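1. With the input below, show me the fold.
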Amino acid sequence: MIPDRDRPISLTFSEAHLHVTLANGRTVDMALADYPMLAAATAEQRAQVQMRIGGLYWPTLKLDISLLALSNGMATPRRKERICEG
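-> As a prediction, the model looks like this:
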């Protein structure tokens, strides 16, 4: 379980990375190369992120990134189609 102090509060993109700032002030960086769908997304698609205590979710991309994966340096994208299906 992720403590509230570790929830994401903001994120920015550089050319090759996603930078996530947590409530505790820590920044977690992730290589976009690990998430090709996010790397290829438009700025508008990237902006449609939902920041949750457990991670980041892009509904239009159906991409969910766990904060546990980010904080452990693991690239583990998970698709949400089965949850989003009718």
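2. Going along the chain, name the strands of this structure.
-> Applying DSSP state E to the chain gives strands spanning 8-13, 17-22, 27-31, 50-52, 55-58, 63-66, 78-79.
3. Are there helices or strands packed against the first one, and which ones?
-> Meaning strand 8-13. Counting contacts by 3 or more Cβ pairs under 8 Å, 6 or more residues apart in numbering; DSSP states H and E, strand 8-13 packs against strand 17-22, strand 50-52, strand 55-58. To be clear about C-beta, it is placed using only N, CA and C from the backbone, and glycine gets the same treatment.
4. Buried deepest among those strands, which one?
-> Ranked by mean neighbour count under mean count of other Cβ atoms under 10 Å, those are led by strand 55-58, which reaches a mean of 19.
5. strands paired with that one, and their directions?
-> Here strand 55-58 has these sheet partners by DSSP bridges: strand 50-52 (antiparallel), strand 63-66 (antiparallel).
6. closest to residue 14 out of these?
-> strand 63-66 (16.4 Å; Cβ to Cβ).
7. Could I get the average pLDDT for that closest one?
-> Throughout strand 63-66, pLDDT has a mean value of 90.
8. For the residue nearest to the spatial centre of the chain, which non-adjacent residue is spatially closest?
-> The geometric centre of the chain, computed from its C-alpha atoms, lies nearest to residue 56 (Cα atoms, centre = their mean), at 3.7 Å. The shortest distance from residue 56 to any residue other than its chain neighbours is 4.7 Å, reached at residue 65 (Cβ to Cβ, 6 or more residues apart in numbering).
9. hmm, back to that, and the strands of the chain as TSV, adding distance to residue 42?
-> As requested, these are exported to TSV (distance: least, Cβ to Cβ, whole Å):
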stretch	distance to residue 42
strand 8-13	11
strand 17-22	15
strand 27-31	18
strand 50-52	17
strand 55-58	11
strand 63-66	13
strand 78-79	19
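10. can you tell me which of those comes nearest to residue 41?
-> With Cβ to Cβ, the closest approach to residue 41 among the strands of the chain belongs to strand 55-58: 7.4 Å.
11. Can you list the neighbours in contact with the closest one?
-> Residues outside strand 55-58 that contact it (Cβ atoms under 8 Å, 6 or more residues apart in numbering) are 8, 11, 20, 38, 41, 45-46, 48-50, 63-70, 80.
12. Good, wrapping up.
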